[in-house]
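>>> quick one, fold the following:
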Amino acid sequence: SGKTVTAVKIAKYLADKKQNVALLLCDMTAPMLPCICSPSDVEFEKSLGSVLAATHVSESLIKHNLSTLKKYSHLTLLGMKKGENEYSYPPYSDIQARELLQKLRNIAPFVIVDCSSYIANDILSAVALMEADNVLRLTNADLKSVSYLSSQLPLLRDKKWDADKQYRVASNVKPQQAGEQIGQAFGNVSFKLNHSPELEEQYLAGNLLADLSLKNSRQFRKEIQKITKEIFGC
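Numbers count the residues shown, from 1 in each chain. Now for the predicted structure:
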């Protein structure tokens, strides 16, 4: 829970520091491009599906489908268009997924992948988790999220996921969920992202690239800075 919000805010933080960032949005069930910014801010005619539909993924094909942002010259996005789903394009294999991730590393020094929750059925997310240098494993401190996490943990214990590179993150933590409840649910966590009404408003409005300026977002901003420094060194 909270994966897209966190991925976007980390990408924006790096882009604001004039670092070139590629943000890959894996979810094909609920395309996230329309949830991040308005149609006037990004070229929506390009699609991740067109890349994965190719027999072999080339760097030029990826660049052709990257969505550039008018206000953020250092940030580029790759995801499914509004109205598309996993059946809008032919099936792809782990070959295309690996080629995509390898080529993205050549295109941008910083690549952030917003994986879906269904790693057992999502080839791109699964490959991204295996290929990543570092992984943030986010979970909300509510019963549904904790129940889902417990159902997925047996999968995540497999050696191919490399547990040593995973950071446990408590996401969207509300005041009544602080401290003991989080500890009982997750054990020790590396980072804690507090709930922010301003951030929730941005998410609901599809305006996640806006700045967080209110006092109630201060702790969230600080934690994003900590995460970025730990993982990317900046």
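>>> list the strands paired with the longest strand anywhere in the chain, with their directions.
Counting by DSSP state E, the longest strand found in the chain is strand 166-173. Sheet pairing here is set by DSSP bridges, and for strand 166-173 it gives strand 135-140 (parallel), strand 191-194 (parallel).
>>> save these as TSV, and put in mean pLDDT and mean neighbour count too.
All C-beta atoms are positioned from the backbone trio N, CA, C, and that covers glycine. Listed next are those as TSV, based on pLDDT from 0 to 100; neighbours: other Cβ atoms under 10 Å:
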stretch	mean pLDDT	mean neighbour count
strand 135-140	90	22
strand 191-194	92	20
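>>> what about the ones you listed, which gets the closest to residue 157?
Relative to residue 157, the nearest member of these by Cβ to Cβ is strand 135-140, separated by 12.4 Å.
>>> how far out from the middle of the chain is the closest one?
Taking the mean of its C-alpha atoms, strand 135-140 sits 10 Å from the chain's own mean (Cα atoms, centre = their mean, to the nearest Å).
>>> same thing with stretch 7-22?
12 Å.
>>> for it, which outside residues touch it?
For stretch 7-22, the surrounding residues in contact (Cβ atoms under 8 Å, 6 or more residues apart in numbering) are 23, 25, 36, 66, 72, 74-78, 104, 107-114, 208-209, 212, 220, 224-225, 227-228, 232, 234.
>>> got the buried residues for the longest strand of the chain?
Residues of strand 166-173 classed as buried: 166, 168, 169, 170, 171, 172, 173 (neighbour count, 16 or more other Cβ atoms under 10 Å).
>>> how about it as PDB, C-alpha atoms only?
As requested, C-alpha coordinates have been extracted for strand 166-173 and formatted as PDB (Å, rounded to 0.1, in the frame of the first residue of the first chain):
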ATOM      1  CA  GLN A 166      14.400  -5.100   1.000                       C
ATOM      2  CA  TYR A 167      13.600  -2.200   3.300                       C
ATOM      3  CA  ARG A 168      10.400  -2.600   5.400                       C
ATOM      4  CA  VAL A 169       8.300   0.500   5.300                       C
ATOM      5  CA  ALA A 170       5.200   1.400   7.300                       C
ATOM      6  CA  SER A 171       3.100   3.500   5.000                       C
ATOM      7  CA  ASN A 172       0.300   6.000   5.600                       C
ATOM      8  CA  VAL A 173       0.700   5.700   9.400                       C
END
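>>> I'm done for today, thanks for sticking with me.
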